[in-house]
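Trainee: Need a 3D model of the following:
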Amino acid sequence: MQSPSDPMGEFDLIERFFKAGADAINPSPSIGLGIGDDCALIYPAPNEEMAVTTDMLVEGRHFFSGTSPELLGRKALAVNLSDLAAMGATPLGFTLAIALPHADSEWLEAFSKGLFSIAREFSCPLIGGDTTAGPLTISITAFGSMPKGEAIRRSGAKPGDDIWVSGQLGDARLALAAMRHELELTDADLKLIEHRLHQPIPRIQLGKHLRGIATAALDVSDGLLGDLKHILDQSKVDAQIWIDQLPKSVILLKQSPSIQNQYAACGGDDYEICFTAPKEQRDVIEKISRTLNLTLTRIGQITAMKNKLAHIDLYKSDGTQFNEDESKVLMKSFDHFR
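Mentor: Predicted coordinates:
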C-alpha cells in the first residue's frame with residue numbers, strides 16, 4: 001500500500017468506500033438490518049437454517065505484498081462464498097473486518113471495487129464489520145441459508161460412495177510457483193491460469209444442485225487430498241483415489257508427471273468442490289455437469305475404515321499403488337502453522 005494521499009477517519013473511510021457499495025445491493029428478505037447500526041439483524045426464512053463461515057487473509061501469508069487490491073477484494077469474499085457453496089447454502093450477506101497500515105484512498109477504492117463486484121454477482125451485501133489500523137489483514141464472515149436438514153456436511157460419506165471433484169486442480173499452485181520463480185512458464189501460459197489463483201469462482205450453483213444428492217462435501221482450499229482427509233475423519237471411512245484421474249488443465253499437463261500429480265493432489269487455492277455420492281447418483285451428477293457447463297470428475301471411492309485413523313490409498317493408472325514415500329509427498333497439503 002502507498003502512503004495515504006488524504007487523511008481519513010474510520011467512519012469517513014466506512015462511509016466513503018463501503019456503505020455506498022453495501023446499499024447498492026438489494027438484500028435478501030432475510031436481512032432485517034444491514035450496515036450502519038451496532039449489529040445486523042438476520043431473519044432466516046421459515047424452515048431454513050443458517051450457515052456461517054469466516055476466513056482471514058493476511059499479507060505475506062495468504063497474498064503477496066503489492067497484490068492488486070481489486071483482485072484481493074474479490075478473492076477475500078470468494079473464499080468465504082466457496083465455503084457456503086460446499087454446504088449447499090445460498091449467500092445472504094457478509095461482514096468485513098479489515099486492518100490497514102494506513103488509509104490509502106486509491107487502494108481502498110480498488111479493493112472495494114473488487115469486493116462489491118463479486119458481492120453483486122452473488123447478491124451478497126455487506127451488512128457490518130470493523131476497521132482498525134495494523135498490518136494488512138482482511139477477515140470476512142459470510143452468512144448463508146438452506147432448507148432445514150439439507151446442509152451437506154463432511155460427516156455423511158459412506159463406503160461405496162463415489163468421490164467427485166469439480167473443475168480442474170493445480171493451476172493456482174502452478175501460477176504461484178511461476179510467480180515465486182520455482183519454475184518457468186511462458187507469459188501466455190501464465191496469463192491463462194493466473195486467474196485461478198487471484199479470482200477463484202465460488203461453486204454456489206453446484207452446491208445447491210447437490211442438496212439431497214451428495215452425502216458429504218467441502219471446498220478444496222488447502223489441497224485436495226488433505227482436505228478430503230477431513231471428510232474421511234468426520235465420516236469414519238477410508239478412500240481410494242486414482243491420481244491419474246485428477247482433472248488437470250492443458251497448461252499443467254505440460255509439466256513433468258511429478259509436478260502434475262503434486263500440484264493437483266495437494267497444491268491448494270483451487271476452491272473447487274470435492275463431494276461424495278452414491279453410485280446410483282452418477283447419471284444425476286452427469287446431468288448437473290451438463291446443466292452448469294461445469295466438469296465434474298469421478299476420482300475415487302469411499303471404502304470402509306480399516307484402522308482407527310482414516311487413510312487414503314493412492315493408485316496409478318496401471319492399478320498399482322503408490323508406495324509410502326510417494327504418498328507422503330502427495331499428501332502434503334498447506335498448513336498455516338507448518
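
Trainee: And the pLDDT at the spatially most central residue of the chain?
Mentor: In the chain, the centroid-proximal residue (CA atoms, centre = their mean) is Tyr271; its distance is 3.4 Å. On pLDDT, Tyr271 comes in at 96.

Trainee: That one is in contact with Leu218, isn't it?
Mentor: No: the criterion here is CB atoms under 8 Å, and Tyr271 misses it with Leu218 at 10.8 Å. Glycine gets a C-beta too; all of them are placed from N, C-alpha and C.

Trainee: Now stretch 66-76: buried residues?
Mentor: Buried residues in stretch 66-76, counted by 16 or more other CB atoms under 10 Å: 67-76.

Trainee: for those, which one is nearest Ile231?
Mentor: Nearest to Ile231 among the buried residues of stretch 66-76, counting by CB to CB, is Lys75 at 24.3 Å.

Trainee: what residues are up against the closest one?
Mentor: Residues in contact with Lys75, defined by CB atoms under 8 Å, 6 or more residues apart in numbering, are 57, 63, 114, 198-200.

Trainee: which of the residues you listed lies closest to Glu326?
Mentor: Closest approach between the contacts of Lys75 and Glu326, by CB to CB: Pro200, at 28.4 Å.

Trainee: Help me confirm that that closest one is found in a helix?
Mentor: No: with DSSP: H, G, I helix; E, B strand; the rest coil as the criterion, Pro200 is assigned coil and is not in a helix.

Trainee: For it, which residues are in contact?
Mentor: By CB under 8 Å, 6+ apart, the residues touching Pro200 are 75, 78-79, 82, 172, 269-271.

Trainee: Give the closest residue to the residue nearest to the centre of the chain in space, chain neighbours not counted.
Mentor: Pro200 (3.7 Å; CB to CB, 6 or more residues apart in numbering).

Trainee: Pretty sure Asp55 sits against Val79.
Mentor: Yes: with contact defined as CB under 8 Å, Asp55 reaches Val79; the gap is 4.9 Å.

Trainee: joint contacts of these two?
Mentor: Ile140.

Trainee: and Leu294, how many neighbours?
Mentor: Residues near Leu294, counting by other CB atoms under 10 Å, number 17.

Trainee: Show the contacting residues for the closest residue to it other than its chain neighbours.
Mentor: The shortest distance from Leu294 to any non-neighbouring residue, by CB to CB, 6+ apart, is to Ser166 (5.9 Å). By CB under 8 Å, 6+ apart, the residues touching Ser166 are 203, 206, 272-274, 294-297.

Trainee: which of these has the most neighbours?
Mentor: Glu272 (30 neighbours).

Trainee: Just the buried positions in the strand or helix carrying Ala51, please.
Mentor: In the assignment (DSSP states H and E), Ala51 maps to strand 48-58. Within strand 48-58, the residues that count as buried by 16+ other CB under 10 Å are 48, 51, 53, 55, 57.

Trainee: Let me know the pLDDT of the residue nearest to Tyr271.
Mentor: At Pro200, the model reports a pLDDT of 95.

Trainee: List the contacts of the nearest residue to Thr54 once chain neighbours are set aside.
Mentor: Among residues not flanking Thr54 along the chain, Thr141 sits closest, at 4.4 Å (CB to CB, 6+ apart). Counting by CB under 8 Å, 6+ apart, Thr141 touches 52-54, 80, 94-95, 97.

Trainee: Which helix or strand lies directly C-terminal to the helix or strand hosting Thr141?
Mentor: Following DSSP H and E, one finds Thr141 within strand 137-147. Toward the C-terminal end, the helix or strand that comes next after strand 137-147 (DSSP H and E) is strand 162-166.
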